[in-house]
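Enquirer: Got a predicted structure here, sequence first:
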Amino acid sequence: MPTPIRLLPRAGLAMLLAASAATAADKSAAENSDPIRKLLERPLLASKQTQHEAEAFCDERVPRMPAVKTAAEWDALANKLRRDVLDQIVFRGAQARQWRDARTQVVWGETMPGGPGYRIRKLRYEALPGLWIPAVLYEPENLAGKAPVHLAVNGHERVGKSVPYKQIRCINLAKRGIVSLNVEWLYMGQLRTEQFKHYAMNQLDLCGVSGLAPFYLAMSRGLDVLLALADADAARVAVSGLSGGGWQTIFISSLDPRVTLCNPVAGYSSFRTRAFFPTDLGDSEQTPNDLATVADYTHLTAMMAGRAALLTFNAKDNCCFAAGHALEPLLQAAAPMFALHGQASRLQSHVNHDPGTHNYERDNREAFYRFVGDMFFPGDRAWNPKEIPSDAEVKTNADLNVELPENNLDFNQLARAAVQGLPRDPPFAARDPAAARAKLRDIVHFADHAV
């Protein structure tokens with residue numbers, strides 16, 4: 001039989017509650033009177049102080065734009081920075097330099113119908129010996145004379161080169177008489193394998209070979225393909241892309257003078273900006289080892305002075321590089337250099353509000369068409385930047401697939417080959433500890449800080 005619940009009289013309950021409150025008060029008073037406890041509970045750092053100090057530490061070490069007074073002065077400095085970035089960062093290591101010096105190999109595939117006014121040709125080319133990039137070329141029909149050429153790069157799109165907004169951009173340019181090469185990016189589309197993940201490039205870095213080199217060569221070899229075409233106009237060479245494609249766009253355009261017009265879309269910001277906006281950090285190729293010891297993305301943007309650049313960002317970007325924080329520092333750095341060349345109008349910007357998210361949709365594409373018309377076809381009243389409806393001409397993944405070799409090299413295979421050439425003699429540190437420590441200090445840019 002269950003034990004009956006006995007209810008306390010009201011007076012008894014009140015006494016119990018009062019005793020409990022008195023006990024809690026005594027305990028609190030004892031705790032408050034404990035000086036050690038009070039000291040231990042006192043905050044030593046302000047809220048987010050370590051984060052703010054880390055941000056300031058990084059910001060202070062990013063190279064600033066130089067104070068130059070003439071276009072010639074800036075051009076000389078830009079050429080030096082370009083050489084330094086290529087030699088010290090992109091092509092660091094003997095193996096990377098060998099890749100750079102290799103000949104561009106191209107294998108052409110089938111030609112297929114595109115749509116009214118253009119055809120599509122399949123091809124693959126070697127970014128470096130043994131690493132093939134699949135691509136499709138949009139060729140206008142009935143070209144009269146030399147034609148502008150355009151390298152279309154893309155960001156983190158699982159379907160890669162077949163993503164519709166990229167196809168539509170290439171189709172629209174082809175219908176306007178511009179040859180477009182739509183290239184696959186590493187770890188996207190046909191190259192989507194575990195060992196092409198972008199952080200796998202660090203395996204090459206660990207072997208003393210720049211993991212950035214394959215990214216750069218995939219773009220520069222694409223330009224080789226375009227400029228080898230009989231109809232290519234070397235004075236009108238454009239590159240465009242979204243997100244990771246925006247990073248590719250500014251990186252190849254700033255460092256390869258063959259590019260005369262670029263449109264990076266929501267693809268990068270200054271390292272100083274990234275110090276305070278972690279959403280902008282990007283993958284390993286976008287923040288490569290030691291780049292910020294030589295140049296910032298402000299410098300890369302300013303390197304377009306003397307050419308043409310349309311910087312496109314999105315007002316409500318839900319991924320990265322939102323217009324509100326990314327755009328203005330780039331314009332402030334580059335605009336004076338364009339002005340020194342007497343070409344202020346060749347640096348333009350576009351902020352997308354519809355839809356305003358991370359995109360390269362119609363509004364952004366039409367801004368690009370307008371800029372291309374102004375720069376490549378000045379005074380042509382027939383040029384219309386409005387998009388030509390082409391949705392029905394978009395191809396499937398299978399349609400655009402390009403035949404690749406069975407053993408297409410990836411980051412892991414390249415790293416395994418590179419490691420074979422590393423020294424096998426007794427560790428350097430064991431032979432000469434002092435020299436090894438000095439070398440390590442140089443590699444990691446170690447600095448002594450007074451306490």
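Expert: The structure has been received and is ready for your questions.
Enquirer: okay, CA-based contacts and neighbour counts for the rest of this
Expert: OK.
Enquirer: Double-check that residue 238 belongs to a strand.
Expert: Yes - counting by DSSP: H, G, I helix; E, B strand; the rest coil, residue 238 falls inside a strand.
Enquirer: so who does it touch?
Expert: 148, 149, 150, 151, 259, 260, 261, 262, 263 (C-alpha atoms under 8 Å, 6 or more residues apart in numbering).
Enquirer: what's the distance between it and residue 192?
Expert: Between residue 238 and residue 192 the distance, using C-alpha to C-alpha, to the nearest Å, works out to 26 Å.
Enquirer: Where do the strands of this protein begin and end?
Expert: Ranges of strands within the chain are 106-115, 118-128, 131-140, 147-152, 179-183, 232-242, 261-265, 308-314, 347-352, based on DSSP state E.
Enquirer: would you list these in a markdown table and tack on distance to residue 338?
Expert: Below are the strands of the chain laid out as a markdown table (distance: least, C-alpha to C-alpha, whole Å):
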| stretch | distance to residue 338 |
| --- | --- |
| strand 106-115 | 36 |
| strand 118-128 | 32 |
| strand 131-140 | 32 |
| strand 147-152 | 22 |
| strand 179-183 | 27 |
| strand 232-242 | 18 |
| strand 261-265 | 13 |
| strand 308-314 | 9 |
| strand 347-352 | 7 |
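Enquirer: just the contacts of residue 238 now: which is nearest residue 98?
Expert: residue 259 (23.3 Å; C-alpha to C-alpha).
Enquirer: quick one, what contacts residue 62?
Expert: Residues near residue 62 by C-alpha under 8 Å, 6+ apart: 271, 272, 292, 293, 295, 296.
Enquirer: In ChimeraX, select just the buried ones from those residues.
Expert: The following ChimeraX line selects those of those that are buried, judged by 16 or more other C-alpha atoms under 10 Å:
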select :271,272,292,295,296
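Enquirer: Most widely separated two among the contacts of residue 62?
Expert: Spatially, the most separated pair among the contacts of residue 62 is 272 and 293, at 12.6 Å (C-alpha to C-alpha).
Enquirer: Low-confidence ranges, the protein, go.
Expert: Along the chain, segments meeting pLDDT under 70 span 1-32, 426, 428-429, 450-451.
Enquirer: Quick test: name the residue nearest the centre of it.
Expert: The C-alpha lying nearest the average C-alpha coordinate of the chain belongs to residue 247 (C-alpha atoms, centre = their mean; 3.1 Å).
Enquirer: so it touches residue 287, yeah?
Expert: No - at 10.3 Å, residue 247 does not count as touching residue 287 under the criterion of C-alpha atoms under 8 Å.
Enquirer: So what touches stretch 42-58?
Expert: With C-alpha under 8 Å, 6+ apart as the contact definition, stretch 42-58 has outside contacts at 272, 275, 276.
Enquirer: Which single one of these is nearest to residue 312?
Expert: Comparing the contacts of stretch 42-58 against residue 312 with C-alpha to C-alpha picks out residue 272 as the nearest, at 19.1 Å.
Enquirer: Once you drop chain neighbours, what's closest to the closest one?
Expert: Leaving out its chain neighbours, the residue that sits closest to residue 272 by C-alpha to C-alpha, 6 or more residues apart in numbering is residue 59, at 5.1 Å.
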